[in-house]
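J.: sequence first, predicted coordinates after that:
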Amino acid sequence: MIDTVKIWTGWLATGVEGAAALLIALAVLRALFGAGLLLLRRSGQGDNASEGVRLRLARWLAVALEFALAADILRTAVAPSWDEIGKLAAIATLRTLLNFFLQREIEGEARVQARLEDRQRTEGG
């Protein structure tokens, strides 16, 4: 029974890792497409539009990091050794820190965007 659970958990973890890789690939393709359009369009949007592309990519990378962490937890969930627990702790710490700093930057940029929109509304309206 335990062997069956380990096998299924391994397959599930592999599927979750695949989902993370797919999310990253799609997010990068979308960011490349958006950046390409900005380069070709060359309108007056400038930094705001490129910042939007970067932030959308950052949001999807944060989601993919969560998926990758979930896959690591699944791999370690069934009868872990102390070595596996230590590796999971290191990986979880690194991924959580990455996610924290990505989220902090996303929120900071969202505040900047909100201030710019407020300023444009008050100046234009």
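T.: Good, I have the coordinates. Numbering: from 1, shown residues only.

J.: what is the longest helix along the chain packed up against?
T.: In the chain, assigned by DSSP state H, the helix with the most residues is helix 82-124. Helix 82-124 is packed against helix 47-77, with contacts defined by 3 or more Cβ pairs under 8 Å, 6 or more residues apart in numbering; DSSP states H and E. Quick note: C-beta positions are derived from backbone N, CA and C, even for glycine.

J.: for the helix it packs on, buried residues please.
T.: 49, 53-55, 57-58, 60-72, 74-76 (16 or more other Cβ atoms under 10 Å).

J.: again with stretch 92-111
T.: Of all the residues in stretch 92-111, those buried under the rule 16+ other Cβ under 10 Å are 95, 99, 102, 106.

J.: quick one, what contacts Arg106?
T.: In this structure residue 106 is Ile, not Arg. Counting by Cβ atoms under 8 Å, 6 or more residues apart in numbering, Ile106 makes contact with 55, 58-59, 62.

J.: that older thread, give me the angle between the longest helix of the chain and helix 47-77.
T.: 160 degrees (axes from the mean of the first three to the mean of the last three Cα atoms, to 10 degrees).

J.: starting at the chain centroid, how far to helix 82-124?
T.: 9 Å (Cα atoms, centre = their mean, to the nearest Å).

J.: mean confidence (pLDDT) on that helix, please.
T.: Averaged across helix 82-124, the pLDDT comes to 85.
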